[in-house]
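[1] build me a model:
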Amino acid sequence: FAALGQWQLSRAVESSNPASSIGEDETATPIDEVMAGPTAIIRTDDVGRLVTVDGSWVEGDFVIIANRVNDGPTGWWVAGHLATGADASGPSLPVALGWTDDEDVAERTVDALNAGEAPDGTVSLTGRIVDSEAPVLPDEQGDPFEMTTLSEAALINIWQPTASPDIYSVNLISSEPPAGLEQIYSPRPEAEVRLNWLNIFYAAEWAVFAGFAVYFWYRLGRDAWEREAEEKQLAEASAA
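    Next up is the predicted model:
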């Protein structure tokens, strides 16, 4: 009973831990095996998963994303437009390539990539997929063209058309930044551990069963002792 109760308590945590269903390893998975489709909503359990994707960079669609915090300091992202698929005929995917705390470095990197310094042909990327961000209106006192979020809703208005009109509903945080940029700090979100109260109830039941078994054993032993004592008294009385 104690062993079964302990097992139910362990299941109360494990059965509600999202990481237990997807594994704790960091093996990269093809994005098509994680996303049901480009417009599908990403499962909560899959946010932050390490994925791989092949595609081609769309020249001229590299942009700067301002006000990005990178494990403390604030700076700029450099992001690009990846036409997925070996022949670039797949859905578009927003990719955050790297971070810098120097705006000039970000601008020079974007200018160079848009000028043709991005790798030609099919590239293979590895990174974490995260939810797309909502567009934010620029500050009235600032640059009206400044972007502060990596939002597909905003990018679709400025990106060049590709073979596929679809665009993924997620962003990719690349694990390999271009030269001159730092890797974007993007750890996998920690799985929230919740208790499964049904298993807690079952564990309490096993404790009750254990208590009943001990009481039943006690009653059987006491009844046997009382019966033996009574028989002994009767035997002594008969002998007298």
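[2] report pLDDT for the residue most central in space within the chain.
    Residue closest to the average C-alpha location in the chain (C-alpha atoms, centre = their mean): V47, at 3.4 Å. Confidence at V47, expressed as pLDDT, is 91.
[3] could you pull up the contacting residues of it?
    When contacts are counted by C-beta atoms under 8 Å, 6 or more residues apart in numbering, V47 touches 129-131, 189. C-betas here are computed from N, CA, C, even on glycine.
[4] quick check on those: which are buried?
    Among those, those scoring as buried are 129-130 (criterion: 16 or more other C-beta atoms under 10 Å).
[5] for the protein, what helix or strand is lowest in average pLDDT?
    Taking mean pLDDT, DSSP states H and E as the measure, the helix or strand of the chain with the lowest value is helix 19-22, at a mean of 42.
[6] need the contact list for E59.
    Residues near E59 by C-beta under 8 Å, 6+ apart: 114, 116, 118.
[7] pLDDT below threshold where in this protein?
    13-25, 190-195, 240 (pLDDT under 70).
[8] what's the longest helix in this structure?
    Longest helix in the chain, counting residues (DSSP state H): helix 197-239.
[9] counting neighbours, which of the contacts of E59 comes out on top?
    Among the contacts of E59, the one with the most neighbours (other C-beta atoms under 10 Å) is A118, at 19 neighbours.
[10] gap between S89 and P165?
    11 Å (C-beta to C-beta, to the nearest Å).
[11] can you pull the contacts of L4?
    W206.
[12] buried set for the lengthiest strand in the chain?
    Counting residues, the longest strand found in the chain (DSSP state E) is strand 74-84. Applying a neighbour-count criterion of 16+ other C-beta under 10 Å, the buried positions in strand 74-84 are 75-84.
[13] show me the strands in this protein, by range?
    Taking DSSP E, the strands of the chain run over residues 29-30, 50-57, 63-69, 74-84, 92-100, 123-131, 170-174.
[14] packing partners for the fifth one?
    For strand 92-100, the elements it packs on are strand 74-84, helix 103-112, strand 170-174, judged by 3 or more C-beta pairs under 8 Å, 6 or more residues apart in numbering; DSSP states H and E.
[15] adding distance to D223, write these out as JSON lines.
    Shown next, in JSON lines, are the helices and strands packed on strand 92-100 (distance: least, C-beta to C-beta, whole Å):
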{"stretch": "strand 74-84", "distance to D223": "77"}
{"stretch": "helix 103-112", "distance to D223": "85"}
{"stretch": "strand 170-174", "distance to D223": "69"}
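[16] P94 is nearest to which of those?
    With distances scored as C-beta to C-beta, the stretch of the helices and strands packed on strand 92-100 nearest to P94 is strand 170-174 (4.7 Å).
[17] what's around P94, how many residues?
    For P94, using other C-beta under 10 Å, the count is 26.
[18] OK, contacts around the residue nearest to it when sequence neighbours are not counted?
    Nearest non-adjacent residue to P94, counting by C-beta to C-beta, 6 or more residues apart in numbering: N171, 4.7 Å away. Taking C-beta under 8 Å, 6+ apart as the criterion, N171 is in contact with 93-96, 129-133, 150, 152.
[19] hey, what's N171 bridged with?
    Per DSSP bridges, the residues bridged to N171 are V130.
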